[in-house]
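Trainee: Give me a 3D structure for the following:
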Amino acid sequence: MIKVIFVLFNLLLAGTLGLANPIEDIGKFGEAKRFLNKNLDLFDFKTIYCGCQVLGKKIDLASCGYRIQKNAKRALRLEWEHVVPAENFGKSFVEWRNGAPECTRRGKSFKGRKCAETNPEFQRMEADLYNLFPEIGELNGLRNNFSMAQLSGSKYDFGSCKAKIEDRKFEPMDLAKGVVARSYMNFENRYPGHGVVSGKNRKLYEAWDKLYPVSPLECRRWRKLEGVAGYPHLFIGRCEGVRSAPTDRQETDPQEIDPS
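Mentor: As a prediction, this is how the structure comes out:
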């Protein structure tokens with residue numbers, strides 16, 4: 001009887017929040033991906049860095065003019081990007097660096113991400129819904145675990161997608177900079193002590209946050225994720241002054257914005 005009441009409550013709450021499936025107990029990355037795959041409307045069905053249209057589990061590269069680099073199959077595939085890379089916060093865990101007694105397979109010990117996933121705190125961070133965004137698989141791989149920066153050039157030409165990669169640094173298009181900045185600052189606030197934001201990058205994120213303000217889509221996403229993520233986004237208070245959009249749009253106009 002109690003289980004039936006819980007299921008009915010979840011269905012009611014999911015309907016109230018406008019989510020495509022009942023509220024889930026999300027504690028692992030795989031669970032987070034399955035949940036978000038069913039709620040792509042929270043991102044206006046667009047990738048974070050290039051604003052490409054997402055069609056199911058595929059990316060419409062023509063919609064954003066993305067130029068494939070080497071891996072056409074992965075370029076067409078939807079992947080879930082950790083804006084704050086898992087490796088960056090993962091290295092703060094001893095299991096990632098040194099392994100743990102329970103991290104053995106066929107008599108051999110291992111470390112790294114798989115071992116870190118035995119730590120409940122790492123699992124929570126890896127599955128944090130505010131840090132996950134849809135992205136072109138190939139670009140997700142090329143971004144790697146590179147930190148954010150303002151770059152003058154790029155070793156890749158992504159066509160109409162003006163993301164840049166140079167010297168192990170990554171610069172997203174202007175349409176994503178505010179979202180990226182607030183994702184980093186929210187993550188740092190939620191999980192202090194894991195080296196998420198350096199002093200130098202804090203100034204960059206504060207500048208991006210100011211230049212590219214909170215959008216109606218961000219507010220809509222934060223409100224609907226709060227009950228599932230288990231905590232309110234750091235900047236949800238700003239949404240009181242943000243005009244609700246009549247339709248969901250990308251975070252900002254997808255054209256490059258001149259910050260000068």
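Trainee: only C-alpha atoms for contact and neighbour calcs from this point on.
Mentor: Fine.
Trainee: Val84 and Lys57: what is the separation?
Mentor: 22 Å (CA to CA, to the nearest Å).
Trainee: So between the two, which is more surrounded?
Mentor: Using other CA atoms under 10 Å as the criterion, Val84 and Lys57 rank with Val84 on top: 25 against 11.
Trainee: Contact partners for that one?
Mentor: Residues near Val84 by CA atoms under 8 Å, 6 or more residues apart in numbering: Asn131, Ser183, Tyr184, Phe187, Val196.
Trainee: Among these, name the ones in helices.
Mentor: The helices, defined by DSSP state H, take in Ser183, Tyr184, Phe187 from these.
Trainee: Mark which of these are buried, thanks.
Mentor: Buried by 16 or more other CA atoms under 10 Å: Ser183, Tyr184, Phe187, out of those.
Trainee: where exactly do the strands run in this protein?
Mentor: For the chain, the strands defined by DSSP state E occupy 53-55, 58-60, 78-82, 104-105, 108-109, 132-136, 147-148, 164-166, 169-171.
Trainee: To Lys203, which of those lies closest?
Mentor: strand 147-148 (11.6 Å; CA to CA).
Trainee: Paired strands for that closest one, with orientation please.
Mentor: Sheet pairing for strand 147-148, assigned by DSSP bridges, gives strand 169-171 (parallel).
Trainee: what's the average pLDDT for the strand it pairs with?
Mentor: Mean pLDDT, computed over strand 169-171, is 98.
Trainee: Check the offset of that strand from the chain's centre.
Mentor: Centre-to-centre, strand 169-171 and its host chain are 15 Å apart (CA atoms, centre = their mean, to the nearest Å).
Trainee: just for the stretch 151-260 of the chain, where's the confidence low?
Mentor: 244-260 (pLDDT under 70).
Trainee: residue ranges for the helices of it, please.
Mentor: Secondary structure of the stretch 151-260 of the chain (DSSP state H, counting those that start in this stretch): helices at 174-190, 199-211, 216-229.
Trainee: Can you convert the ones you listed into JSON lines and add a column each for distance to Ser160?
Mentor: Formatted as JSON lines, those follow (distance: least, CA to CA, whole Å):
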{"stretch": "helix 174-190", "distance to Ser160": "13"}
{"stretch": "helix 199-211", "distance to Ser160": "21"}
{"stretch": "helix 216-229", "distance to Ser160": "23"}
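Trainee: okay, those, which one's buried deepest?
Mentor: helix 174-190 (a mean of 21; mean count of other CA atoms under 10 Å).
Trainee: Between helix 216-229 and that one, find me the angle.
Mentor: Here helix 174-190 points in a direction 30 degrees away from that of helix 216-229 (axes from the mean of the first three to the mean of the last three CA atoms, to 10 degrees).
Trainee: Just the CA atoms of helix 174-190, as CSV, please.
Mentor: Output of helix 174-190 as CSV, limited to C-alpha atoms (Å, rounded to 0.1, in the frame of the first residue of the first chain):
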residue,chain,number,x,y,z
ASP,A,174,29.0,33.1,-26.5
LEU,A,175,25.6,31.4,-26.3
ALA,A,176,26.9,29.0,-23.7
LYS,A,177,29.3,31.2,-21.6
GLY,A,178,26.8,32.4,-19.0
VAL,A,179,25.4,28.8,-18.6
VAL,A,180,28.9,27.4,-18.3
ALA,A,181,29.9,30.0,-15.7
ARG,A,182,26.9,29.5,-13.6
SER,A,183,27.3,25.7,-13.8
TYR,A,184,30.8,26.0,-12.5
MET,A,185,29.9,28.4,-9.7
ASN,A,186,26.9,26.3,-8.6
PHE,A,187,29.0,23.1,-8.6
GLU,A,188,31.8,24.8,-6.6
ASN,A,189,29.2,26.1,-4.0
ARG,A,190,27.6,22.7,-3.7
